[in-house]
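K.L.:
Mind looking at a prediction? Sequence and model below.
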Amino acid sequence: VKSDPDGSQATAVYDLPANGQWFSDNNVKVVIALRRDTVTATITATNSGKDPEPVGIGWHPYFQLPSGVRANARLHIPAEMRAEVNNYDDVFPTGKLMSVMGTPYDFTVAEGAPLPDNLVDDSFVDLKRDSNGYAMADIRDLSSNYGMRVTAMTPKIRAFQAYSPVDKSFIALEPQFNYGDPFGEEWHGAD
């Protein structure tokens with residue numbers, strides 16, 4: 001952990017051996033930096049072994065709505081599609097991508113759309129990007145005049161997972177490098 005007048009930074013390094021959970025030896029470095037009004041998470045995974053190791057990196061941050069009222073939330077995810085799941089107990093993808101346009105899951109408008117009155121636990125794909133190739137998602141709490149943006153600063157992010165249970169006043173926004181169950185048969189060998 002490092003601190004200075006401009007902010008703080010915490011670094012963790014994990015040496016993960018091939019032990020049945022991993023195909024190969026791995027070194028994973030996680031750096032979380034706090035600067036003024038920005039939190040930056042940088043994750044670097046290095047295959048330090050001899051076997052191929054596919055890696056999909058994601059994170060699961062929960063962002064509390066300051067007002068505590070879910071109806072005040074507005075979500076913006078610039079995605080044209082979402083991955084269909086078998087049900088919201090298992091949340092396994094079926095391999096079918098569905099348009100969000102005109103559905104309760106259409107969060108494409110710039111000012112955001114209200115969260116539906118049901119559980120949101122969905123992977124949004126076919127992301128629109130800015131001129132740098134970055135994908136962004138926003139959550140705003142209208143009554144507290146507070147908002148937050150998650151920017152995936154790599155064009156390799158393929159999806160945003162949004163999770164918000166009906167009986168809670170938070171949302172998780174997760175940029176992800178791959179779709180759920182990326183090697184599953186439901187994707188028919190797609191990358």
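P.N.:
All right, it came through fine.
K.L.:
What is the helix or strand hosting Ala45 packed up against?
P.N.:
Per DSSP states H and E: Ala45 is located in strand 38-47. Strand 38-47 sits against strand 26-35, with contacts defined as 3 or more CB pairs under 8 Å, 6 or more residues apart in numbering; DSSP states H and E. C-beta: built from backbone N, CA, C; applies to glycine.
K.L.:
ok so, going back, partners of the strand holding Ala45, with directions?
P.N.:
Strand 38-47 sits in its sheet next to strand 26-35 (antiparallel), going by DSSP bridges.
K.L.:
Name the residues that touch the strand it pairs with?
P.N.:
Surrounding strand 26-35, the residues in contact under the criterion CB atoms under 8 Å, 6 or more residues apart in numbering are 6-16, 39-49, 53, 55.
K.L.:
Please apply the same query to stretch 39-55.
P.N.:
15, 18, 22-33, 57, 59, 177, 182-183.
K.L.:
same thing but 10 Å
P.N.:
Here stretch 39-55 makes contact (CB atoms under 10 Å, 6 or more residues apart in numbering) with 7, 9, 11-18, 22-34, 56-59, 61, 148, 150-151, 153, 175, 177-178, 182-183.
K.L.:
Report the buried residues of it.
P.N.:
Across stretch 39-55, burial judged by 16 or more other CB atoms under 10 Å covers 45, 47, 49, 53.
K.L.:
Make CSV from the residues you listed and add pLDDT and distance to Asp130 to it.
P.N.:
Output for those, formatted as CSV (pLDDT from 0 to 100; distance: CB to CB, whole Å):
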residue, pLDDT, distance to Asp130
Ala45, 93, 25
Asn47, 96, 30
Gly49, 95, 36
Glu53, 88, 31
